[in-house]
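Participant: Whatever this is, show me its structure:
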Amino acid sequence: MRNAPALLLAAAPAADAETHQVKMLNRNASGAMVYEPDFVQHRAIR
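Facilitator: Numbers count the residues shown, from 1 in each chain. Alright, predicted model coming up:
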């Protein structure tokens, strides 16, 4: 029973992950306190 958590982690499929960088800017052409990029599109993994 001590090895059960380790076995579960070893049997879990590897996650495909990407890192997205979102910057909070003081101002740009759109206005003040905006995020760049405005929109982040991602794919949900089921």
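
Participant: who touches the spatially most central residue of the chain in this structure?
Facilitator: In the chain, the C-alpha nearest the mean C-alpha coordinate belongs to residue 19, at 5.5 Å (CA atoms, centre = their mean). Contact criterion CB atoms under 8 Å, 6 or more residues apart in numbering gives no residues in contact with residue 19. Every C-beta, even on glycine, is put in place using the N, C-alpha and C of the backbone.

Participant: Likewise for the one 3 residues further on?
Facilitator: The contact partners of residue 22, by CB under 8 Å, 6+ apart, come to 35-37, 40.

Participant: ok, it to residue 6 distance?
Facilitator: 35 Å (CB to CB, to the nearest Å).

Participant: Likewise for residue 42?
Facilitator: From residue 42 to residue 6 the distance is 30 Å (CB to CB).

Participant: likewise residue 34?
Facilitator: Remark: distance between residue 34 and residue 6 (CB to CB) = 45 Å.

Participant: more crowded one of those two?
Facilitator: When neighbours are counted by other CB atoms under 10 Å, residue 34 and residue 6 differ, and residue 34 comes out ahead with 14 against 9.

Participant: So which residues of this protein form strands?
Facilitator: Counting by DSSP state E, the chain forms strands over residues 23-28, 31-36, given from the N-terminal end onward.

Participant: residues making contact with the last one?
Facilitator: This points to strand 31-36. Strand 31-36 has contacts (CB under 8 Å, 6+ apart) with 22-28.

Participant: and if you look at the first one?
Facilitator: Taking CB under 8 Å, 6+ apart as the criterion, the residues outside strand 23-28 that touch it are 32-36.

Participant: Only C-alpha atoms, please: export stretch 4-11 in PDB.
Facilitator: Extracted C-alpha coordinates of stretch 4-11, given in PDB (Å, rounded to 0.1, in the frame of the first residue of the first chain):
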ATOM      1  CA  ALA A   4       0.200   2.900  -4.400                       C
ATOM      2  CA  PRO A   5       0.700   6.600  -4.900                       C
ATOM      3  CA  ALA A   6       3.900   6.100  -6.800                       C
ATOM      4  CA  LEU A   7       2.200   3.500  -9.000                       C
ATOM      5  CA  LEU A   8      -0.600   5.800  -9.800                       C
ATOM      6  CA  LEU A   9       1.800   8.600 -10.800                       C
ATOM      7  CA  ALA A  10       3.800   6.300 -12.900                       C
ATOM      8  CA  ALA A  11       0.700   5.000 -14.700                       C
END
